[in-house]
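Asks: what follows is a predicted structure for the sequence shown.
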Amino acid sequence: MTGGQAIVEIMKEEGINHAFTVPGESFIPILDALYDEEDFQLISNRHEGGAALMAEGYAKASGQTAVVMATRGVGAANLSIGIHTAKENSTPMVVFLGQVKSSFRGREGFQEVDLDRFLHDVCKWTVEINDVNRIPEFVHRAFRIAKSGRPGPVAVSLPEDILKQVAPLKINKKSIRPKPRPSSEEVAEFYSILSDAKKPLIIAGAGVILANAESNLVEFAEKLQIPVAAAFRRHDVFPNNHPLYVGHLGMGTFEGIQETVRQADTIIAIGTRFSEITTQGYSIISEEQKIIHIDIEYTMLGKVYEPTLGIVSDANEALLSLLNNEVTVPTTWKQWTAERRNVFNEITFIEKENNEEYVDNTQIIRTLQDMLPPDTIIANDAGNFAGWLHSYYKFNAQKSYIGATSGAMGYALAAAIGAKLGQPHRPVVSLSGDGGIMMTIQELETAVRYKVPFISLIFNNNMHGSIRMFQEISYPFREIGTSLGNPDYVALGNSFGVFSQRVTCDAEFETALKNALDSNKPSLIEIVCNPEQISVQSTITSIREKATVKL
């Protein structure tokens, strides 16, 4: 078979049936090998950045390894935002990059870049294959590395002449993702440390979701009556309506939820890397607290905080091992949990209103909560508008949230299309600001062409809101570069062939959302927001007043 055919056969063996791309001449042998594959869907995107973000969203929703393809240096450069997002999101991804012919390398051939070196810092592993006979070895290794340990992206550079060469190539069986478990000594030490705790807290992250351990986390937390907080943009790791859930640790987290972490004397971190955002700039965890850190990737242990106990384990295997022990739950744990849950309930309660003169984003979130089916998948972009979703929306179904921990603008729309392809029977809604939406809005055409029904919400305040907020905090009254002009989004959506509607007050949103759900086609709802309300807790005026007092 040709090198291109071998890559397709390996993808099939790995269970891959979707790939995302902007086609390029340097990997046409792979495209040709896909021509006769009836059970494989190739999604041809409008921009490589959209392709990579769509592939990442597809992987998160489907549980499969993302596959994305692009050509040479220009394609790799455009893909890099999605590759970085996959790294930060711990999403398995294999990137196939067409490269210039082997005989042209080193001459600055057309679009030539040392692709393996170029993407090294945003990948788990990179390689250029220069011998057709080694394609099975390296491509199988790429899939194994992408999904083993802490999952992430792997890039494979493929000179176009290698893809055309014919050789007797052997395709191996699908690689199995390793699932290490704790030793009996580690389990014993876990409970020894926990026995001294007065106020224990679980912080759960992506490792739980990737291990499909959400149900066992619920059982474990219930057995020990320990409260659970979700790491940054891992809202769906634990049902938010559960009495043991105490909040999400993200941008703009309410002080009461931050205080839950500060008051905890023992933190059980499962599958989380203690990111800057989760830890509120490394400010809410102290040396006095004991930390039990469980992660499948050994390099995560002690990377930020030195753990009292570090355990290298798959999150589900760890929870299963810990559940095998009998534990006496102190009454104080139950009281502590009830206290912190009450704080969460008070902070996140929304009084129902129907404003007919302006948009209150809190009411938009309440309407989404009331109207969307429980299994709806929500994807959100970077921007202050997301603070309302993070603060108030209750994620109660497993695998119901998709967000970029990298903070990539343009993520939500593309990722939502990918998520709908991965879970075609679940409703999918994306939330974007007017800054982010324009970075990938061309992928609406992709959704129309492949008949992918989803709903895109655009929160339009004619500015880069989060940057404007930080500008006002540091340099009040000196706005520069953050104001935006926008198209007529409804007219633009209609030109793509999507259902489109605009709302100028939150009382109109319920009807617009119902219309979009009923349309069963790609849909767009523009929400005209008040630019003065810069975040959940601040207005531009209030920020300036605080700054004036300091001056």
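Replies: Yes, it's here. Residues are numbered from 1 along each chain as shown.

Asks: D360 contacts N354, correct?
Replies: No: assessed by Cβ atoms under 8 Å, D360 is found out of contact with N354, at 9.5 Å. For the C-beta atoms, the positions are set from N, CA and C on the backbone; glycine is no exception.

Asks: show me where the stretch 1-150 of the chain has its helices.
Replies: Ranges of helices within the stretch 1-150 of the chain are 3-13, 28-34, 48-62, 72-89, 115-118, 135-147, based on DSSP state H, counting those that start in this stretch.

Asks: please name every helix or strand in contact with the first one.
Replies: For helix 3-13, the helices and strands in contact under the criterion 3 or more Cβ pairs under 8 Å, 6 or more residues apart in numbering; DSSP states H and E are helix 28-34, helix 135-147, helix 160-164.

Asks: also the second one?
Replies: For helix 28-34, the contact count by 3+ Cβ pairs under 8 Å, 6+ apart identifies helix 3-13, helix 160-164 as packing neighbours.

Asks: may I have the longest one as CSV, with CA atoms only?
Replies: Think helix 3-13. Taking C-alpha atoms only, helix 3-13 is exported to CSV below (Å, rounded to 0.1, in the frame of the first residue of the first chain):
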residue,chain,number,x,y,z
GLY,A,3,2.1,5.7,2.7
GLY,A,4,-1.2,7.6,2.4
GLN,A,5,-3.3,4.4,2.4
ALA,A,6,-1.3,3.1,5.5
ILE,A,7,-2.3,6.2,7.4
VAL,A,8,-6.0,5.7,6.6
GLU,A,9,-5.8,2.1,7.6
ILE,A,10,-4.2,3.0,10.9
MET,A,11,-6.9,5.6,11.6
LYS,A,12,-9.6,3.0,10.9
GLU,A,13,-7.9,0.5,13.3
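
Asks: give the buried residues for it.
Replies: Buried residues in helix 3-13, counted by 16 or more other Cβ atoms under 10 Å: 3-11, 13.

Asks: and which of those is nearest E56?
Replies: Set against E56, the nearest of these by Cβ to Cβ is M11 (16.9 Å).

Asks: the closest one contacts V68, doesn't it?
Replies: No: in this structure, M11 is not within contact of V68 by Cβ under 8 Å, at 11.8 Å.

Asks: now the common contact residues for D360 and N354.
Replies: By the contact definition Cβ atoms under 8 Å, 6 or more residues apart in numbering, D360 and N354 are jointly contacted by D506.

Asks: per the annotation, how does this protein divide into domains?
Replies: For the chain, the domain assignment from automatic domain parsing gives the residue ranges 3-164, 184-348, 361-550.

Asks: distance between the ends of the first one?
Replies: Between the opening and closing residues of domain 3-164 we find a distance of 6 Å, counting by Cα to Cα, to the nearest Å.

Asks: got the residue ranges for the helices in the stretch 201-350 of the chain?
Replies: 206-210, 214-224, 255-263, 315-323, 331-348.

Asks: mind putting the ones you listed into TSV with distance to S62?
Replies: Below are the helices of the stretch 201-350 of the chain laid out as TSV (distance: least, Cβ to Cβ, whole Å):
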stretch	distance to S62
helix 206-210	13
helix 214-224	16
helix 255-263	31
helix 315-323	18
helix 331-348	30
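
Asks: to T367, which of those helices lies closest?
Replies: helix 331-348 (15.5 Å).

Asks: against which helices or strands is the closest one packed?
Replies: strand 245-248, helix 255-263, helix 386-392.

Asks: I'd like the ones you listed as JSON lines, with mean pLDDT and mean neighbour count appended.
Replies: Shown next, in JSON lines, are the helices and strands packed on helix 331-348 (pLDDT from 0 to 100; neighbours: other Cβ atoms under 10 Å):
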{"stretch": "strand 245-248", "mean pLDDT": "97", "mean neighbour count": "28"}
{"stretch": "helix 255-263", "mean pLDDT": "96", "mean neighbour count": "17"}
{"stretch": "helix 386-392", "mean pLDDT": "93", "mean neighbour count": "23"}
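
Asks: which stretch among the ones you listed comes nearest V452?
Replies: Per Cβ to Cβ, nearest to V452 of the helices and strands packed on helix 331-348: helix 386-392, 21.8 Å.
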